[in-house]
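**Q** Next comes the sequence, and after it the predicted model I'd like to discuss.
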Amino acid sequence: MSATVPITLARLQPWRSGMALATDWAVIALCFGAAMLYPHPAIYALAIVVIARTQLALAVMMHEGAHRLLAHRQSRNDVVAQALAAGPLFLSLFAYRQGHLQHHRAPMSPDDPVAIMFGIADYPVSRRELALRLLRDVTGIGYVLAIRGALRRRRTQPASAHTRTVPQRAGLVAGTILLSNGLLFGVLAALGHPLLYLGLWLLPALTLLQLFARIRAITEHAGYAACEDQRHSARTIVARSWQTFFCGPHGIHYHIEHHQHVRVPFYQLPALHRWMHAQNQLPAANLYHGYGAVLRDVSRGARSDDQR
């Protein structure tokens, strides 16, 4: 059993969440601005990579909202998460929350929605299979297959299974999707660059975002079996780096810590990591220094500790 986390680590500071969201959108604006001012293939390519990474950062902020960690009032938390994080990515906070909380009850169980969505239940896989899965993501094929799989599962589930616990917030969800994307397209069109919406927003969302999200999902849980002690069915990347910038924004790479203490907001996860380490609560076998070591381990059978 884990010790009681210090109450200071679970204290919400909504202004910090607001600053994180503002920073993410500022980065996106800078990328669009650079592409307008310097229309060069290299600038476009760089903007696509950075925007895809920042779309993942927005998805992580939606994750914070799913745990009601963005604001003290749930209504405000939900509006902020849906309007500024989920909606721009064509997602529903409420549907995501339902599946994500089920994931937290039993990660890597047969009905874990995260394991099903990202197809991480069958690891380790061959190097070739892993490369094919990552290639499908970066080409957009992975997104199409994921949508097809989600629709198939929805058709085969009883109606109550996917409507019973999801709040009926269709108006808010549809409104935020249309408003955020319409506003982004409208601003770009008014500035004379409407095609940038396709090239620098939709294209990254369908390709590199899917790649970064899959690497994140693999790193968090792939290769582990369901376990009552969730410290042993998750991984942590122990330090921030350029790798966590792309695949673990907003501290989500401290994943053992998050599963053990879901009420701790993202900006306190580094401190929580240090506290859990001092309490000897972090299993050494589940701690990594980079994503490459994880990908090697889940694409072969045995693993070598000196390569982590």
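**A** The structure has been received and is ready for your questions.
**Q** for residue 292, helix, strand, or coil?
**A** helix (DSSP: H, G, I helix; E, B strand; the rest coil).
**Q** Then residue 193?
**A** Residue 193 ends up coil, using three-state DSSP.
**Q** which residues touch the residue nearest to it when sequence neighbours are not counted?
**A** Excluding its sequence neighbours, the residue lying closest to residue 193 (Cβ to Cβ, 6 or more residues apart in numbering) is residue 36, at 5.5 Å. The way it works is simple: take the backbone N, C-alpha and C, and place the C-beta from them, glycine included. Residues counted as contacts of residue 36 (Cβ atoms under 8 Å, 6 or more residues apart in numbering) are 191, 193, 196.
**Q** quick one: the last one and residue 189 touch, right?
**A** No. With contacts defined as Cβ atoms under 8 Å, residue 196 does not count as touching residue 189, sitting 9.3 Å away.
**Q** from the middle of its chain, how far away would the helix or strand where the residue nearest to residue 193 lies be?
**A** Using DSSP states H and E, residue 36 sits in helix 14-37. From the chain centre to the centre of helix 14-37 is a distance of 17 Å (Cα atoms, centre = their mean, to the nearest Å).
**Q** Does whichever strand or helix holds residue 256 pack against any helices or strands, and if so which?
**A** Secondary structure from DSSP H and E places residue 256 in helix 255-260. For helix 255-260, the elements it packs on are helix 208-221, strand 236-237, helix 269-278, judged by 3 or more Cβ pairs under 8 Å, 6 or more residues apart in numbering; DSSP states H and E.
**Q** Give the burial count for the closest residue to residue 76 other than its chain neighbours, as a bare number.
**A** Leaving aside its sequence neighbours, residue 76 sits nearest to residue 70 (Cβ to Cβ, 6+ apart; 7.8 Å). Residues contacting residue 70 under the criterion other Cβ atoms under 10 Å number 29.
**Q** what's the weakest-modelled helix or strand in this structure?
**A** Within the chain, no helix or strand scores below helix 159-163, which has a mean of 48 by mean pLDDT, DSSP states H and E.
**Q** Provide the contact partners of the helix or strand following that one at residue level.
**A** Next helix or strand after helix 159-163 toward the C-terminus (DSSP H and E): helix 170-190. Residues outside helix 170-190 that contact it (Cβ under 8 Å, 6+ apart): 32, 78-79, 82-84, 86-88, 90, 92-94, 194, 196-197, 201.
**Q** related to what we said a few turns ago, can you list the helices and strands packed on helix 255-260 in TSV and add mean pLDDT and mean neighbour count?
**A** Formatted as TSV, the helices and strands packed on helix 255-260 follow (pLDDT from 0 to 100; neighbours: other Cβ atoms under 10 Å):
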stretch	mean pLDDT	mean neighbour count
helix 208-221	97	24
strand 236-237	98	24
helix 269-278	96	17
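**Q** need the ones you listed in JSON lines with distance to residue 63, can you?
**A** Shown next, in JSON lines, are the helices and strands packed on helix 255-260 (distance: least, Cβ to Cβ, whole Å):
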{"stretch": "helix 208-221", "distance to residue 63": "11"}
{"stretch": "strand 236-237", "distance to residue 63": "16"}
{"stretch": "helix 269-278", "distance to residue 63": "12"}
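**Q** name the element residue 115 belongs to?
**A** helix 113-118.
**Q** ok, then the element right after that helix?
**A** By DSSP H and E, the next helix or strand past helix 113-118 is helix 127-138.
**Q** Which residue is the nearest non-sequential neighbour of residue 140?
**A** Of all residues not flanking residue 140 in the chain, residue 206 sits nearest, at 4.5 Å (Cβ to Cβ, 6+ apart).
**Q** Show the backbone phi and psi for that neighbour.
**A** For residue 206, the backbone dihedrals are phi -90, psi -10 (criterion: degrees, to the nearest 10).
**Q** Can you give me the buried ones in stretch 175-185?
**A** 176-177, 180-181, 184-185 (16 or more other Cβ atoms under 10 Å).
**Q** tell me the mean pLDDT over that stretch?
**A** For stretch 175-185, mean pLDDT is 98.
**Q** Extract the CA atoms of that stretch and return them as PDB.
**A** Extracted in PDB, the C-alpha atoms of stretch 175-185 (Å, rounded to 0.1, in the frame of the first residue of the first chain):
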ATOM      1  CA  GLY A 175     -20.400  23.500 -30.300                       C
ATOM      2  CA  THR A 176     -16.800  23.500 -29.100                       C
ATOM      3  CA  ILE A 177     -15.600  21.300 -32.000                       C
ATOM      4  CA  LEU A 178     -17.300  23.600 -34.500                       C
ATOM      5  CA  LEU A 179     -16.400  26.900 -32.800                       C
ATOM      6  CA  SER A 180     -12.800  26.100 -32.200                       C
ATOM      7  CA  ASN A 181     -12.000  24.700 -35.600                       C
ATOM      8  CA  GLY A 182     -14.200  27.200 -37.300                       C
ATOM      9  CA  LEU A 183     -12.400  30.000 -35.500                       C
ATOM     10  CA  LEU A 184      -9.000  28.700 -36.400                       C
ATOM     11  CA  PHE A 185     -10.000  28.200 -40.000                       C
END
